[in-house]
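1. I need the structure of the sequence given here:
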Amino acid sequence: MFKEHAVKLAIAPIAWTNDDMPELGGTNTFEQCISEMALAGYQGSEVGNKYPRDPAELRQALELRSLEIASAWFSAYLTNRPYEETAEKFIAHRDFLHAMGAKVIVVSEQGRSIQGEMTTPLFAHKPVFTDAEWALLAEGLGKLGRLAGDIGMKVVYHHHMGTGVQTAEEIGRLMELTDPNEVSLLFDSGHLAFSGEDPLVVLNAHLSRVKHVHLKDIRKEQVEQVKKQGLSFLQAVKAGAFTTPGDGCIDFDPIFSTLAASEYSGWFVVEAEQDPAIANPLEYAIKARRYIKERCGL
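-> Coordinates of the predicted model:
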């Protein structure tokens, strides 16, 4: 389905230890995490909170297991803090990823975000940007994109639940306001489905901008529970709203077909925030790996 060597498969360490709730998987070590990734048949990883930040140390640990770094999350605050504050941290993050051989930088705007708030209802209190905030976001992302481009990297914007860029309409507005040479898109199937969008519609609308992919599934019953009970994003994670591809309700076949037809090249990153005490990370990593192999041959 995909051209040979065009797509590499990674998995996110958040299944082993949660960045926002370190108590989830708190006893799981960095070495256990990357060893199990390799054992499950993955080629790469994104960067978690237990990963060494010295490139030489991290590279040695990964090379022992034939793993690479696909990218890493970066929190931007372009809508509510001075641009220079975000830029300084971005440059350090960019240089670390560049040293690790990554080609893309995952950026998500966290101005007024509620994704890290334990008791704030996810849907009732979703932030909505003003026109002025949209302008700041677009201008700032363009600048970050140019900083990335200076060393041959790309910014891939991560739409995310509980933020000002979550819905199909908001993603569309951001794409309209930004230059495709400066800002690309991270397509996340799970966040779109959770938000009530059709992931395939959004993918088709912005296919040429998609340069990084997160493969995430959702459990419909738990998502409905989040809506009815007014749960927060973090409470949704604990309730099991997310899972790995093939274990939830998203139909990935047309997503894979669309990406293959577009000759997508880059990383697919399996990602599912779950409580590792309930959803064994290695077990779910293997399940996802088998599912992807069966559905698209990777």
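
2. Which parts of the stretch 51-200 of the chain are helices?
-> 55-63, 83-99, 131-149, 168-177, 189-195, 199-205 (DSSP state H, counting those that start in this stretch).

3. Adding distance to Glu31, write those helices out as a markdown table.
-> From N, CA and C alone the C-beta is placed, and that goes for glycine too. Output for the helices of the stretch 51-200 of the chain, formatted as a markdown table (distance: least, C-beta to C-beta, whole Å):
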| stretch | distance to Glu31 |
| --- | --- |
| helix 55-63 | 7 |
| helix 83-99 | 20 |
| helix 131-149 | 30 |
| helix 168-177 | 37 |
| helix 189-195 | 27 |
| helix 199-205 | 34 |
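
4. List the contacts of stretch 152-161.
-> Stretch 152-161 is contacted from outside by 71, 73, 94, 97-98, 102-108, 113, 115, 122, 141, 144-145, 148, 165-166, 170-171, 174, 178, 182-186, 188, 191-192, 194-195, 211-212, 214, 233, 236, using C-beta atoms under 8 Å, 6 or more residues apart in numbering.

5. Could you check what's spatially nearest to the residue nearest to the spatial centre of the chain, not counting adjacent residues?
-> Nearest to the geometric centre of the chain sits His214, at 5.2 Å (C-alpha atoms, centre = their mean). Spatially, and ignoring its direct neighbours in sequence, His214 is nearest to Asp188 (4.1 Å; C-beta to C-beta, 6 or more residues apart in numbering).

6. Mind checking the helices of the stretch 51-200 of the chain for the one nearest to Leu282?
-> helix 55-63 (17.6 Å; C-beta to C-beta).

7. most tightly surrounded among the helices of the stretch 51-200 of the chain?
-> helix 189-195 (a mean of 25; mean count of other C-beta atoms under 10 Å).

8. What is that one packed up against?
-> helix 199-205, strand 210-215, strand 217-218 (3 or more C-beta pairs under 8 Å, 6 or more residues apart in numbering; DSSP states H and E).

9. Mind doing that once more with 6 Å?
-> In terms of contacts (3 or more C-beta pairs under 6 Å, 6 or more residues apart in numbering; DSSP states H and E), helix 189-195 is packed against helix 199-205, strand 217-218.

10. So which of those is nearest Ala135?
-> Taking those one by one with C-beta to C-beta, helix 199-205 is closest: 22.3 Å.

11. Using PDB, write out every CA atom in the closest one.
-> Extracted in PDB, the C-alpha atoms of helix 199-205 (Å, rounded to 0.1, in the frame of the first residue of the first chain):
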ATOM      1  CA  PRO A 199     -11.100  12.200  10.800                       C
ATOM      2  CA  LEU A 200     -11.200  11.300   7.200                       C
ATOM      3  CA  VAL A 201     -13.000  14.600   6.200                       C
ATOM      4  CA  VAL A 202     -10.300  16.600   8.000                       C
ATOM      5  CA  LEU A 203      -7.500  14.500   6.400                       C
ATOM      6  CA  ASN A 204      -8.800  15.000   2.900                       C
ATOM      7  CA  ALA A 205      -9.300  18.700   3.500                       C
END
